[in-house]
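1. Give me the fold of what follows.
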Amino acid sequence: MALLHPFISLLLLAAPLCGAANQSPLPPGSLPVSPPLPLLQALQVRAPGSRGWRAGPVGGQPLRYMLNLYRRAADREGRPRRGRSLATNTVRLVRASSHGGQPWAGRWYLQPLTYHLEGQPEAEHLLRATVVYLPSLPLAHGRLLCALELAASSEAPRVLLSPATRPSRGWTEADVTPYLVPGNGSVRSLALRHICVRAGRAGDSDATLAPSHPFLLLYLNDTQAGLAPPAAEPFRHRRDTGTLAHDLPGYLRDQGGEKSDCSLRPFPVSFAQLGWDHWIIAPHRYNPRYCKGACPHLLRYDYHAPNHAVVQSFVHQLVDANVPRPSCVPYRYSPISVLMIERNGGILYKEYENMIAESCTCR
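-> Predicted structure coming up:
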């Protein structure tokens, strides 16, 4: 026999055994309607535009680097892994814009780079910034050795950036945090010079080889991760999302017969089904899950129902049927990690809190 909630025993002793009132419960129309799925609301404001939009040059090594970062931080379903080392909920990859003429001069390669930082959301607070680059690149007849230099003003001495980490899969990171938060001012851009030299005998195929541009990683703490979209940019109903994200009650009605007990049910949503697979890189699907079913008349202890729900269930059963029974709702949630391409062509890793239901309760 299942254990009853411990508060029920006290109620049964103290309350009179009245018959249920001869009144019908509240009509279904008076109950609140389920809102659109919160993750889809949060992602909608980041959608880069029409379905035909493509990331273009955002692929290649920057995309592979962020995919490796994502796989270390989250599993196939997007759940953040335990013991992950990111220590933040947001990582933004900013690509460089190059300027200047011919970068090659004999054995030397010199390319000025600028990273534009305008338009960063106020809710995202910078924790750390690094520039990721390849310090060594194999050539057909030697190697290409590279370094980064801070492009300071003509009066200030030039600063050669030191690697902050040991090379991993050939990549290394240089810490540039001090140059992005000088005092209380706001930095709009970061200017660097990418310097390389050919070591060894140069072959014909090496003469035109250009190293990949280093990219900037911003490690940020987003204080609004998981919240509803800002009021300034409301949720837009786009045709390519269909009605799946906005009609959860209708979806549930179409699933057939209802099980009796309050329990966790699957609700898989494919980003390809929503037309978002061209800019959401990982995960490929989202299963927020939901709680459905009738709450028992006598709530068991394993439902973790609050005392108020126990009283409400008792009053509905024995005193006044106008008082609704407790509702089956999620009890615990877990976050989800999403890797996506932004409107400006950058790549964003973001963790959204409380997006996957893990258990149910009655309240």
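
2. What segments of the stretch 51-200 of the chain are strands?
-> Using DSSP state E, counting those that start in this stretch, the strands of the stretch 51-200 of the chain run over residues 90-94, 97-98, 104-105, 108-116, 124-133, 136-139, 142-150, 159-160, 172-175, 189-200.

3. out of these, nearest to residue 351?
-> The closest approach between residue 351 and any of those, judged by Cβ to Cβ, belongs to strand 90-94 at 7.3 Å. Placement of C-beta: from N, CA and C, glycine included.

4. Tell me the strands beside that closest one, with direction?
-> strand 215-222 (antiparallel), strand 347-362 (antiparallel) (DSSP bridges).

5. any chance of the ones you listed in CSV, with mean pLDDT and mean neighbour count too?
-> Listed next are those as CSV, based on pLDDT from 0 to 100; neighbours: other Cβ atoms under 10 Å:
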stretch, mean pLDDT, mean neighbour count
strand 215-222, 94, 20
strand 347-362, 91, 20
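
6. Compare the strands of the stretch 51-200 of the chain and report which one is nearest to residue 295.
-> strand 90-94 (37.7 Å).

7. for the record, mean pLDDT for that closest one?
-> Strand 90-94 shows a mean pLDDT of 95.

8. just stretch 143-162 next, same as before
-> 79.

9. repeat for stretch 98-114
-> In the prediction, stretch 98-114 has an average pLDDT of 86.

10. With stretch 324-342 instead?
-> 89.

11. List the buried residues of that stretch.
-> Buried residues in stretch 324-342, counting neighbours by 16 or more other Cβ atoms under 10 Å, are found at 325-331, 333, 335-342.

12. Neighbours of residue 170, how many?
-> 12 (other Cβ atoms under 10 Å).

13. what's near enough to touch the nearest residue to it once chain neighbours are set aside?
-> Leaving aside its chain neighbours, residue 170 sits nearest to residue 134 (5.5 Å; criterion: Cβ to Cβ, 6 or more residues apart in numbering). When contacts are counted by Cβ atoms under 8 Å, 6 or more residues apart in numbering, residue 134 is found next to 146, 170-172, 211-212.

14. so what pLDDT did the closest residue to residue 84 other than its chain neighbours get?
-> Excluding the flanking residues, the one nearest residue 84 by Cβ to Cβ, 6+ apart is residue 73, at 4.6 Å. Note on residue 73: pLDDT of 92.

15. For residue 73, give me its contacts.
-> Counted by Cβ under 8 Å, 6+ apart, residue 73 has contacts 80-81, 84, 86, 337, 349.

16. measure residue 312 to residue 345 for me?
-> The gap separating residue 312 from residue 345 is 52 Å, by Cβ to Cβ, to the nearest Å.

17. got it, and residue 188?
-> Using Cβ to Cβ, we find residue 188 at a distance of 18 Å from residue 345.

18. swap in residue 123?
-> With distances taken as Cβ to Cβ, residue 123 is found 22 Å from residue 345.

19. in the stretch 201-350 of the chain, what spans have low per-residue confidence?
-> Residue ranges of the stretch 201-350 of the chain with pLDDT under 70: 202-208, 225-259, 298-303, 310, 313-314, 316-318.

20. Show me the helices in it, by range?
-> Remark: helices assigned in the stretch 201-350 of the chain by DSSP state H, counting those that start in this stretch are 248-253, 307-318.

21. quick one: which of residue 188 and residue 345 has more around it?
-> Higher neighbour count among residue 188 and residue 345: residue 345, with 15 against 11, using other Cβ under 10 Å.

22. picking that back up, in CSV, list the strands paired with strand 90-94 along with distance to residue 291.
-> Output for those, formatted as CSV (distance: least, Cβ to Cβ, whole Å):
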stretch, distance to residue 291
strand 215-222, 27
strand 347-362, 4
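
23. Residue 264: which of those is closest?
-> strand 347-362 (5.4 Å).

24. Can I get that closest one in CSV? Just the C-alpha atoms.
-> The C-alpha coordinates for strand 347-362 follow below in CSV (Å, rounded to 0.1, in the frame of the first residue of the first chain):
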residue,chain,number,x,y,z
ILE,A,347,28.5,31.7,-32.7
LEU,A,348,26.8,31.6,-29.3
TYR,A,349,26.8,28.9,-26.6
LYS,A,350,24.1,29.5,-24.0
GLU,A,351,22.6,27.6,-21.1
TYR,A,352,18.9,28.3,-20.3
GLU,A,353,17.8,27.5,-16.8
ASN,A,354,14.6,25.5,-15.9
MET,A,355,13.8,24.3,-19.4
ILE,A,356,13.4,20.5,-19.0
ALA,A,357,10.9,19.0,-16.5
GLU,A,358,12.4,16.2,-14.5
SER,A,359,9.6,15.2,-12.1
CYS,A,360,6.0,16.1,-11.2
THR,A,361,4.0,17.2,-8.2
CYS,A,362,0.5,18.2,-7.3
